[in-house]
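Here is a sequence together with a model predicted from it:
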Amino acid sequence: MIAACSAWYGEHGRDLPWRRAGTTPWGVLVSEVMSQQTPMSRVVGPWTAWMERWPTPDDLAEEEPGAAVAAWGRLGYPRRALRLHACAVAIAERFDGVVPSTYAELIELPGIGDYTAAAVVSFAFGHRAAVLDTNVRRVLARVETGVANCGSATTRADRELAARWLPASDADAARWAVSSMELGALVCVARSPLCEQCPISGHCRWLAAEKPTEGAPVRRGQAWKGTDRQCRGVILDLVRNSMAGVEVEVALDAWPKRHQAEKCLGSLLDDGLIHRDGELLRL
DNA sequence: TACGCGTGGCT
DNA sequence: TAGCCAAGCGT
């Protein structure tokens, strides 16, 4: 089944820029952080510009964090930009500017969690690691558990399942990681999966059971309208788009609820996403 | 474990 | 249209 998935990937895998020969571990790391909760199609442009501007961790570490936030643009979850900058600083200071190759070292870096550490180990260095993202969790939920979807959070059961599926050798494990993720991204998608195109459909318990929708864990949707997240997004977008800086009053007036705007501006300042210089706000 | 954290495309 | 969903992380 793993070989079938690998063969499918060889034919249908996307030609993403960070998959091309010659991409550095830093390039892989940046692509993974940018891809956290963000569709790949939106990452290609910002990643290309980012790597041209900051081709090594040292290059980014020498910059102000605000430059990273600005370059992040509208990728979303802008604290990732701040953490990626902090990650570059940590690599410069603790690893002499060389991206470490082990999970234990990577997991200690800012913005690098279980998934991203494993992804860098696997994609950048070709070593064995359980790369468990939402795509792989969904594929395993259907093929092995026989339910329609995985839950929104990674559970211990997910990790145990992924560990059982992980091939023994470095090369096979790395190939399984990239191909199973790609399968989840292109074929075994959350809504309306393309089972007729799936290379492992013959082994899928969910398909064999005629795709039951019962019994799968519930994914809770995120509220958006009127939330602090939306408010922060409005204020940050204002500051991001102003070279000269934004008056505090102007920023607060961009949101209908004054109290909430004040709270959110405060949190943006606390996070370090925005800086205050007198009455002016800048990145 | 559960929650807060952006943004935009798709159905 | 209003949700659903997307290569998660930190607390």
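Yes, it's here.

Could you look up the SS state of residue A:34?
helix (DSSP: H, G, I helix; E, B strand; the rest coil).

That one and residue A:44 touch, don't they?
No: taking C-beta atoms under 8 Å as the definition, residue A:34 is not a contact partner of residue A:44, at 9.4 Å. All C-beta spots, glycine's among them, are computed from the backbone N, C-alpha and C.

Compare these two (neighbour count), which wins?
More neighbours surround residue A:34 than the other of residue A:34 and residue A:44, with 23 against 15 (other C-beta atoms under 10 Å).

Tell me if stretch A:233-244 is near DNA strand C.
No: for stretch A:233-244 and DNA strand C, the contact criterion (C-beta under 7 Å from any atom of the strand) is not met; the two come no nearer than 12.1 Å.

Show me how far that stretch is from its chain's centre.
Relative to the centre of its chain, stretch A:233-244 is centred 23 Å away, using C-alpha atoms, centre = their mean, to the nearest Å.

quick one: buried residues of that stretch?
By neighbour count on 16 or more other C-beta atoms under 10 Å, the buried set for stretch A:233-244 is A:233, A:235, A:236, A:238, A:239, A:240, A:242.

quick check: domain ranges of chain A?
Annotated domains of chain A cover A:1-221, A:228-282 [automatic domain parsing].

May I see the buried residues of stretch A:233-244 organised as JSON lines, with secondary structure, pLDDT and distance to residue A:27 added?
As requested, these are arranged in JSON lines below (DSSP: H, G, I helix; E, B strand; the rest coil; pLDDT from 0 to 100; distance: C-beta to C-beta, whole Å):
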{"residue": "A:233", "secondary structure": "helix", "pLDDT": "97", "distance to residue A:27": "28"}
{"residue": "A:235", "secondary structure": "helix", "pLDDT": "98", "distance to residue A:27": "32"}
{"residue": "A:236", "secondary structure": "helix", "pLDDT": "98", "distance to residue A:27": "26"}
{"residue": "A:238", "secondary structure": "helix", "pLDDT": "97", "distance to residue A:27": "31"}
{"residue": "A:239", "secondary structure": "helix", "pLDDT": "98", "distance to residue A:27": "29"}
{"residue": "A:240", "secondary structure": "helix", "pLDDT": "97", "distance to residue A:27": "24"}
{"residue": "A:242", "secondary structure": "coil", "pLDDT": "94", "distance to residue A:27": "31"}
